[in-house]
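**Student:** Sequence isn't available, so here's the structure alone:
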């Protein structure tokens, strides 16, 4: 559980903003201690990030609060995932990589993906475990071959989940991929899967997509949004060139970005945050409301 000050720090706003969202705009996410202090659990923090991102993307605070309350009411409660194996099991991927244990890798993935929803497993275990794997490679505890073995095993698992999620052909199409030279796409493939599970129609383009191919995909009439990522800071320049080229050809295209370096993306891009579950819900809500989104000043006051 987090105090209001800690929750505000986690999402990058002031605690007075959180109070204003609750008092003035009806955002109902906090719990109260017997002494009356506000507390926020992990799911509340995820919803607060959604509120922040909606406001930053141009929603009026009251409209954003209504959308977040609706989304929070429809989201699974924490008890749904009581048996979830969390990030404490992160070293498991590094361990199977160090011994080239393919059977062990499949067992680890089976165990985790059977323990909770896809989004909970990816945000709560898989992405932290992959970061731990990267650290193990940097430290020399895992070889390049071992890291590649695990990465390809994870890709196969995510691709299976992506195909199983189906494709909602009645919605505007979302193209998902990385700009030229960017190759770390595991998180983006996981997001594309979560987006399909949120009801979006997605086409996954993959890593290292040339700018001309981005333009060709973005100008297809059914495409309403492009999602890219900035996995590393050095990917930001390539992303900026790609976004500029697409928007020049399709000025009304919504461009959203994720990844650890998303704050380096052009200002007009919609930031999706750092967790795939809330990111998919944010994009689904934004696209669903694109034609009716209010143009009011997004300031809290």
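**Tutor:** Happy to help now that I have it. Just so you know, these numbers come straight off a predicted model, no measurement behind them.
**Student:** How about the secondary structure of residue 257?
**Tutor:** Three-state call for residue 257 (DSSP: H, G, I helix; E, B strand; the rest coil): strand.
**Student:** now residue 138: how far from residue 132?
**Tutor:** 11 Å (C-beta to C-beta, to the nearest Å). For the C-beta atoms, the positions are set from N, CA and C on the backbone; glycine is no exception.
**Student:** quick check: longest helix of the chain.
**Tutor:** helix 144-164 (DSSP state H).
**Student:** Same question for that helix: list its buried residues.
**Tutor:** Neighbour counts over helix 144-164 (16 or more other C-beta atoms under 10 Å) mark 146, 147, 149, 150, 151, 153, 154, 157, 158, 161, 162 as buried.
**Student:** Phi, psi for the residue nearest to residue 32 when sequence neighbours are not counted please.
**Tutor:** Setting aside the residues directly before and after it, residue 32 is nearest to residue 38 in space (C-beta to C-beta, 6 or more residues apart in numbering), at 6.4 Å. When read as degrees, to the nearest 10, the backbone of residue 38 gives phi -80, psi 140.
**Student:** surely residue 38 meets residue 3?
**Tutor:** Yes - assessed by C-beta atoms under 8 Å, residue 38 is found in contact with residue 3 at 7.4 Å.
**Student:** Which one of those two is surrounded by more residues?
**Tutor:** residue 38 (19 against 14; other C-beta atoms under 10 Å).
**Student:** what sits against that one?
**Tutor:** 3, 4, 18, 22, 30, 31, 32 (C-beta atoms under 8 Å, 6 or more residues apart in numbering).
**Student:** picking up where we left off before, compare residue 138 and residue 132 (neighbour count), which wins?
**Tutor:** residue 132 (18 against 10).
**Student:** quick one: the more buried one from residue 91, how far?
**Tutor:** 6 Å.
**Student:** go on, residue 247?
**Tutor:** Distance of residue 247 to residue 91, given as C-beta to C-beta: 42 Å.
**Student:** So for those two, which residue has more residues nearby?
**Tutor:** More neighbours surround residue 247 than the other of residue 247 and residue 91, with 18 against 15 (other C-beta under 10 Å).
**Student:** For the helix or strand harbouring the more buried one, buried residues please.
**Tutor:** Taking DSSP states H and E as the definition, residue 247 sits inside helix 236-249. Under the neighbour-count criterion of 16+ other C-beta under 10 Å, helix 236-249 has 236, 238, 239, 240, 242, 243, 245, 246, 247 buried.
**Student:** for it, what is the average pLDDT?
**Tutor:** Averaged across helix 236-249, pLDDT comes to 96.
**Student:** Quick check: can you list the domain ranges of the protein?
**Tutor:** 2-75, 81-164, 173-288 (automatic domain parsing).
**Student:** right, so those domains: which one is the most enclosed?
**Tutor:** Ranked by mean neighbour count, these are led by domain 173-288 with a mean of 20 (mean count of other C-beta atoms under 10 Å).
**Student:** end to end, how far does it reach?
**Tutor:** 12 Å (C-alpha to C-alpha, to the nearest Å).
**Student:** Repeat that for stretch 221-240.
**Tutor:** The straight-line separation of the ends of stretch 221-240 (C-alpha to C-alpha) is 23 Å.
**Student:** How far does the helix holding residue 247 sit from its chain's centre?
**Tutor:** 21 Å (C-alpha atoms, centre = their mean, to the nearest Å).
**Student:** Stretch 24-31 now?
**Tutor:** So, by C-alpha atoms, centre = their mean, the centroid of stretch 24-31 is 23 Å from its chain's centroid.
**Student:** circling back: show me what the helix holding residue 247 is packed against.
**Tutor:** Counting contacts by 3 or more C-beta pairs under 8 Å, 6 or more residues apart in numbering; DSSP states H and E, helix 236-249 packs against helix 211-218, strand 223-229, strand 254-258.
**Student:** Would you mind putting those into TSV with mean pLDDT and distance to residue 9 alongside?
**Tutor:** Listed next are those as TSV, based on pLDDT from 0 to 100; distance: least, C-beta to C-beta, whole Å:
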stretch	mean pLDDT	distance to residue 9
helix 211-218	96	36
strand 223-229	95	24
strand 254-258	95	21
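**Student:** Can you tell me which of the ones you listed is nearest to residue 66?
**Tutor:** strand 254-258 (20.9 Å; C-beta to C-beta).
**Student:** packing partners for the closest one?
**Tutor:** helix 186-197, strand 223-229, helix 236-249, strand 270-271, helix 276-288.
**Student:** Save those as JSON lines, and put in distance to residue 100 too.
**Tutor:** Below are the helices and strands packed on strand 254-258 laid out as JSON lines (distance: least, C-beta to C-beta, whole Å):
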{"stretch": "helix 186-197", "distance to residue 100": "19"}
{"stretch": "strand 223-229", "distance to residue 100": "29"}
{"stretch": "helix 236-249", "distance to residue 100": "33"}
{"stretch": "strand 270-271", "distance to residue 100": "38"}
{"stretch": "helix 276-288", "distance to residue 100": "28"}
